[in-house]
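Asker: Below are the sequence and a predicted model for it; my questions follow.
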Amino acid sequence: MTLALDIPLNDSQFSAQRKSEVLVEALPWIRRFQGHTVVVKYGGNAMVDPGLQQAFADDIVFMASVGIRPIVVHGGGPQINAMLAESATPMEFRNGLRVTSPEVMEVVRMVLVGQVGRQLVNRINAYAPLAAGMSGEDSGLLSARKSRVIVDGEQIDMGLVGDIVDVNIDLMTSMLDRGQIPVIAPVSPEVDAAGHPTGQVLNVNADTAATAIAQALRAEKLVMLTNVAGIYGTWPDPHTLISEVSASDLRAMIPRLGEGMRPKGQALLDAIDGGVSSAAIVDGRIEHALLLEIFTTKGVGTMARSDDYV
Ligand SMILES: NC(=[NH2+])NCCC[C@H](N)C(=O)O
């Protein structure tokens, strides 16, 4: 790389030029997403490693600072497992899956709402008091129904686990309008067929909760942090990471994806089918993966886009 006069650059000039390129690359994306809602699923390693936690909080504050409206939905699997073991909560397994008994649900709620959510709010708010942690129970943010889990054609009772059936859009919108960053634990009140709360709370998978919230708000983008690099190609190219894929190509690819990848591919597709323009899986083990996905042209991980994406 050279200056205009073809004079070779010394190291510090070279790195200054690299930095300016990075900043300039971000400009069209800042303009593209300004004023738009981006839902981010926070999970995996990013949630347990202090350095990655801080980098994630930085990225969310960065987004909010340039006028993007981020919403964070978090999981807490590793922390929940640790607390279940520590508290010696009795557990039952069916078909290899943990049943969410009322006792387990108490621990889930305590850890998600009282621990994981609090830590992230604390890190974000070290910059400015923007983040507001809430569970699906607060102000009726989320409503859920029990999931129907079918194994080998038979319905099995997995206890207090649910799927979101309703999102309080007005609440989310007014928070975003005020510049707040909702940090959501997807613990949700159960509602009956008429939409009335039954008094029970259900645990909702954070991936599906993030997808449901992104759909309800017609978010511009959904980004999911996971512990994989992204979606890999199918035959004849199974070792190449797919950087970008259209919804129809992804749909065609899903039956041929590996067991682990298929639900992730499906989550991206569900978001797009529900009206979200683009959805990405990024590697949460990489520091600032979120920043890199949103503010660079090639991003990181795998992005799926609607067929009419512009
Ligand atoms: N994995 C990818 N190919 N990402 C492309 C990202 C492009 C742009 N920064 C966006 O967020 O929409």
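Answerer: On my side now, so go ahead. Numbers count the residues shown, from 1 in each chain.
Asker: helix or strand for the closest residue to the ligand within the stretch 1-150 of the chain, which one?
Answerer: At 4.6 Å from the ligand, W29 is the closest residue in the stretch 1-150 of the chain, using C-beta to the nearest ligand atom. Placement of C-beta: from N, CA and C, glycine included. In this assignment (DSSP states H and E), W29 forms part of helix 11-33.
Asker: What helices and strands are in contact with that helix?
Answerer: Under the contact criterion of 3 or more C-beta pairs under 8 Å, 6 or more residues apart in numbering; DSSP states H and E, helix 11-33 touches helix 289-295.
Asker: Tell me the residues of the chain that contact the ligand?
Answerer: 29, 221, 243-244, 278, 280, 293-294, 296-299, 301-303 (C-beta under 6 Å from any ligand atom).
Asker: residues contacting the closest residue to Q215 other than its chain neighbours?
Answerer: Among residues not flanking Q215 along the chain, G274 sits closest, at 3.2 Å (C-beta to C-beta, 6 or more residues apart in numbering). Applying C-beta atoms under 8 Å, 6 or more residues apart in numbering, we find G274 in contact with T211, A214, Q215.
Asker: roughly how far apart are G274 and the ligand?
Answerer: 18 Å (C-beta to the nearest ligand atom, to the nearest Å).
Asker: What distance separates the opening and closing residues of stretch 275-284?
Answerer: One end of stretch 275-284 to the other measures 25 Å (C-alpha to C-alpha, to the nearest Å).
Asker: just to revisit the earlier point, just the pLDDT for the residue of the stretch 1-150 of the chain closest to the ligand.
Answerer: With respect to pLDDT, W29 scores 98.
Asker: That one and F295 touch, don't they?
Answerer: Yes: under the criterion of C-beta atoms under 8 Å, W29 makes contact with F295 at 4.9 Å.
Asker: Now compare the residues of the chain next to the ligand and name the two farthest from each other.
Answerer: W29 and T302 (17.3 Å; C-beta to C-beta).
Asker: who has more neighbours, those two?
Answerer: Set side by side, W29 and T302 show more neighbours around T302, with 27 against 17, by other C-beta atoms under 10 Å.
Asker: That one reaches D249, doesn't it?
Answerer: No: using C-beta under 8 Å, T302 makes no contact with D249, being 11.5 Å away.
Asker: Quick one: end-to-end distance for stretch 214-232.
Answerer: Terminal-residue distance, stretch 214-232 (C-alpha to C-alpha): 24 Å.
Asker: tell me the mean pLDDT over that stretch?
Answerer: Here stretch 214-232 scores 94 as its mean pLDDT.
Asker: State the pLDDT value of the nearest residue to N227 once chain neighbours are set aside.
Answerer: Using C-beta to C-beta, 6+ apart and skipping the chain neighbours, the partner closest in space to N227 is G44 (4.2 Å). Predicted confidence (pLDDT) for G44: 83.
Asker: Could you shift the numbering so residue one becomes 86, and keep it that way?
Answerer: Sure, I'll start numbering at 86, so the last one becomes G129.
Asker: Quick check: G129 touching R370?
Answerer: Yes: counting by C-beta under 8 Å, R370 is a contact partner of G129 at 7.3 Å.
Asker: More neighbours: the two, which one.
Answerer: G129 (20 against 16).
Asker: Give me the phi and psi for that one.
Answerer: phi 60, psi -150 (degrees, to the nearest 10).
Asker: mind listing the strands in the stretch 286-395 of the chain by residue range?
Answerer: Per DSSP state E, counting those that start in this stretch, the stretch 286-395 of the chain carries strands over the ranges 306-311, 329-331, 363-368, 387-390.
Asker: Of these, which stretch is the most buried?
Answerer: Among the strands of the stretch 286-395 of the chain, strand 306-311 has the highest mean neighbour count (mean count of other C-beta atoms under 10 Å), at a mean of 27.
Asker: helices or strands up against it?
Answerer: Using 3+ C-beta pairs under 8 Å, 6+ apart as the test, strand 306-311 ends up in contact with strand 122-127, helix 291-301, helix 346-358, strand 363-368, helix 374-380.
Asker: Tell me what the residue nearest to I209 when sequence neighbours are not counted is bridged to.
Answerer: Of all residues not flanking I209 in the chain, A216 sits nearest, at 3.9 Å (C-beta to C-beta, 6+ apart). Here A216 sits in beta bridges with I266, going by DSSP bridges.
Asker: Who are the contact partners of the closest residue to the ligand within the chain?
Answerer: Here the chain gets closest to the ligand at one residue, G384, 2.2 Å apart by C-beta to the nearest ligand atom. Residues in contact with G384, defined by C-beta under 8 Å, 6+ apart, are S328, E329, A365, V367, L377, E378.
Asker: Widest-spaced pair of the residues you listed?
Answerer: E329 and L377 (14.3 Å).
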